[in-house]
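**Q** pasting the sequence and the predicted model now:
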Amino acid sequence: MRFTFALLVALFATLSSPGFADSAKPRVAVVVSSHGTPERENLGYDLEELAQAYLVLHRNGVTVDLISPKGGALLVHTKKDDLAYMQDFKNNTPALTQLAATIASADADAGDYDAVLVIGGNGAMFDLPTHAATTAFLTSFAAHGKPVAAVCHGPAALVNVKLADGSFLVAGKRVNSFTNLEEQAFGGDVIDELPFLLEDELKARGAVYVKNAPMLPYVAVDGKLITAQNPMAVPDAAEALLVQLGVTPAARTDFKDEATMKLVQEARTAGAYLIDVALKKEPELYDLNYLALYGFYSYKLASGQDAKRLELEIMQAVGRHFDHPMYSASLIQALMEQGFTAKAQAEFVSFKTRFPDDENLAALADLVNAAQ
């Protein structure tokens with residue numbers, strides 16, 4: 001008994017030692033596109049997605065390595081450097097050093113990692129699906145039953161990944177990605193150059209495609225496969241990956257863009273008044289520009305009368321907090337289209353006072369007066 005107890009004490013001492021803790025630390029390969037150039041930065045990886053996913057993993061004690069098809073240095077833009085999380089990513093993690101010397105897919109060994117996460121951005125559509133070493137690297141994770149996660153355009157990297165029986169990894173699985181509607185609404189600068197539409201390609205591979213409304217977060221988890229619809233879902237996808245790794249995600253404050261779209265999601269279900277309440281109580285948690293972006297596009301993208309009425313309610317709620325002539329003009333047009341003539345006229349009276357020199361004033365006047 002004494003001998004057994006002594007062994008247990010020695011074992012516990014080993015488990016609690018710093019060396020053991022380091023060796024047990026989960027390690028995740030994060031794959032990013034090499035496709036972007038200084039002239040076509042919009043055809044590269046999405047730095048915001050990378051930053052948010054990286055921070056979630058890093059803050060939960062996960063070791064992250066950055067893998068790209070070509071390896072070496074990747075472009076790092078400064079467009080979002082005013083955001084606190086971007087400063088945290090750049091200054092308080094090893095990320096910039098790693099981005100200056102990413103590991104080439106051909107040199108990466110899937111056996112060194114517990115899971116893989118593929119970042120989106122338009123570039124993911126170009127090099128990740130057709131780069132043989134990248135496909136082989138991802139295939140190894142699937143073959144060994146390790147978690148595979150991909151966000152936004154990232155699932156493009158999975159379209160040619162096959163299992164040992166020759167079937168596609170995504171076949172018969174619930175899969176999510178940047179949708180056709182989102183591509184058509186927000187990908188106008190590149191859509192004609194894309195080799196395929198991701199939603200269509202995943203369906204062609206046999207995926208059971210699931211999705212949320214445009215711009216709203218959604219994460220699909222099917223066994224070891226995790227896929228996320230758009231940038232707003234990236235942090236949640238990273239947390240879903242943590243759970244797959246046996247890590248309990250630490251409490252955190254949502255990133256502003258993430259929190260904003262979660263607010264919209266809740267308001268669509270429980271009532272648009274929630275937007276007013278949230279912006280009254282804690283306006284610093286949300287991004288008005290993202291709210292306006294949603295309000296401006298969601299009504300136009302909605303299909304069917306009920307959906308349009310729902311999005312119009314959200315649009316009106318956002319309009320109470322966001323003052324811009326383009327947004328207000330779009331709101332007036334939507335109100336008229338849905339037959340809310342009196343509300344449209346009242347909005348137009350306010351519009352004339354707020355934007356007396358706007359170029360759309362005459363056209364809006366004709367639209368509103370035609371209903372009188």
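**A** Received, thanks.
**Q** so what touches stretch 217-225?
**A** Identification of contacts with stretch 217-225 by CB atoms under 8 Å, 6 or more residues apart in numbering yields 142, 145-149, 169-170, 173-176, 210-212, 226-230, 232-233, 236-237, 240, 244, 258, 261-262, 265. In short, each C-beta sits where N, CA and C put it, glycine included.
**Q** same thing with stretch 97-113?
**A** Counting by CB under 8 Å, 6+ apart, 27-29, 31-32, 34, 64-74, 76, 116, 131, 133-134, 136-137, 140-141, 144, 146 sit against stretch 97-113.
**Q** which among those residues end up buried?
**A** The neighbour-count test (16 or more other CB atoms under 10 Å) marks 28-29, 31-32, 34, 64-71, 74, 116, 131, 133-134, 137, 140-141, 146 as buried among the contacts of stretch 97-113.
**Q** select from these every entry located in helices.
**A** Judged by DSSP state H, helices contain the following of the buried ones among the contacts of stretch 97-113: A133, T134, F137, S140, F141.
**Q** widest-spaced pair of those residues?
**A** A133 and F141 (13.7 Å; CB to CB).
**Q** ok, A267 touching L279?
**A** No. Contact status for A267 versus L279: not in contact, 10.9 Å apart, counting by CB atoms under 8 Å.
**Q** surely M261 is in contact with M215?
**A** Yes. The criterion here is CB under 8 Å, and M261 meets it with M215 at 6.2 Å.
**Q** got any residues that touch both of those two?
**A** Counting by CB under 8 Å, 6+ apart, the residues touching both M261 and M215 are M232, Y294.
**Q** torsion angles phi and psi at A220?
**A** Dihedral pair for A220: phi -100, psi 130, per degrees, to the nearest 10.
**Q** quick one on the thing from earlier: if we only consider the ones in helices among the buried ones among the contacts of stretch 97-113, which is nearest to N60?
**A** Using CB to CB, those come closest to N60 at F141, 19.6 Å.
**Q** contacts only, for that closest one.
**A** F141 touches A110, Y113, A115, V116, P147, V148, counting by CB under 8 Å, 6+ apart.
**Q** excluding its backbone neighbours, what's nearest the last one?
**A** In this case it means V148. For V148, ignoring the flanking residues on the chain, the nearest one in space by CB to CB, 6 or more residues apart in numbering is F141 at 5.1 Å.
**Q** hmm, back to that, narrow the contacts of F141 to those in strands?
**A** Counting by DSSP state E, the contacts of F141 place A115, V116, V148 in strands.
**Q** could you dump the residues you listed into JSON lines and include distance to T253 and pLDDT?
**A** Converted to JSON lines, the ones in strands among the contacts of F141 look like this (distance: CB to CB, whole Å; pLDDT from 0 to 100):
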{"residue": "A115", "distance to T253": "25", "pLDDT": "98"}
{"residue": "V116", "distance to T253": "27", "pLDDT": "98"}
{"residue": "V148", "distance to T253": "28", "pLDDT": "98"}
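**Q** touching, E266 and L274? I think so.
**A** Yes. In this structure E266 lies within contact range of L274 using CB under 8 Å: 5.7 Å.
**Q** what about this protein, any weak spots by pLDDT?
**A** Where the chain drops to pLDDT under 70, the residues are 1-23, 372.
**Q** could you list the domains of it?
**A** If you go by automatic domain parsing, the domain ranges for the chain are 24-244, 256-369.
**Q** and of the ones you listed, who's closest to A250?
**A** Here domain 24-244 is closest among the domains of the chain (CB to CB), at 5.5 Å.
**Q** first to last residue in that closest one, what's the distance?
**A** 15 Å (CA to CA, to the nearest Å).
**Q** return the distance of it from the chain's centre.
**A** Distance of domain 24-244 from the chain centroid (CA atoms, centre = their mean, to the nearest Å) equals 10 Å.
**Q** now do the contacts for the residue sitting nearest the centre point of the chain.
**A** In the chain, the centroid-proximal residue (CA atoms, centre = their mean) is P231; its distance is 1.7 Å. When the contact criterion is CB under 8 Å, 6+ apart, the partners of P231 are D46, E48, E49, Q52, G120, V151, C152, D257.
**Q** how about the helices in the stretch 101-250 of the chain?
**A** 132-143, 180-186, 198-204, 234-244 (DSSP state H, counting those that start in this stretch).
**Q** same question, the stretch 251-372 of the chain
**A** So, for the stretch 251-372 of the chain - with DSSP H, counting those that start in this stretch - the helices run 256-270, 273-281, 288-301, 305-319, 325-337, 341-354, 361-369.
**Q** mind listing what's buried along the first one?
**A** For helix 256-270, the neighbour count (16+ other CB under 10 Å) marks K256, D257, E258, A259, T260, M261, K262, L263, V264, Q265, A267, R268 as buried.
**Q** how about the fourth one?
**A** If you call a residue buried by 16+ other CB under 10 Å, then helix 305-319 has these buried ones: K308, L310, E311, L312, E313, I314, M315, Q316, A317, V318, G319.
**Q** repeat that for stretch 171-179.
**A** Quick answer for stretch 171-179 (16+ other CB under 10 Å): K173, V175, N176, S177, F178, T179.
**Q** the fifth one reaches A124, doesn't it?
**A** So the one you mean is F178. No. F178 is not in contact with A124 according to CB under 8 Å; the separation is 9.4 Å.
**Q** hey, what's in contact with both of these two?
**A** Taking CB under 8 Å, 6+ apart as the criterion, F178 and A124 both touch C152, H153.
**Q** list the contacts of A233.
**A** V151, C152, N176, P217, Y218, V219.
**Q** circling back: and of the helices of the stretch 101-250 of the chain, who's closest to D82?
**A** Among the helices of the stretch 101-250 of the chain, helix 234-244 sits nearest to D82 (CB to CB), with 19.2 Å.
**Q** for the closest one, name the packing helices and strands.
**A** Helix 234-244 sits against helix 47-59, strand 115-118, strand 148-151, strand 219-222, strand 225-228, helix 256-270, with contacts defined as 3 or more CB pairs under 8 Å, 6 or more residues apart in numbering; DSSP states H and E.
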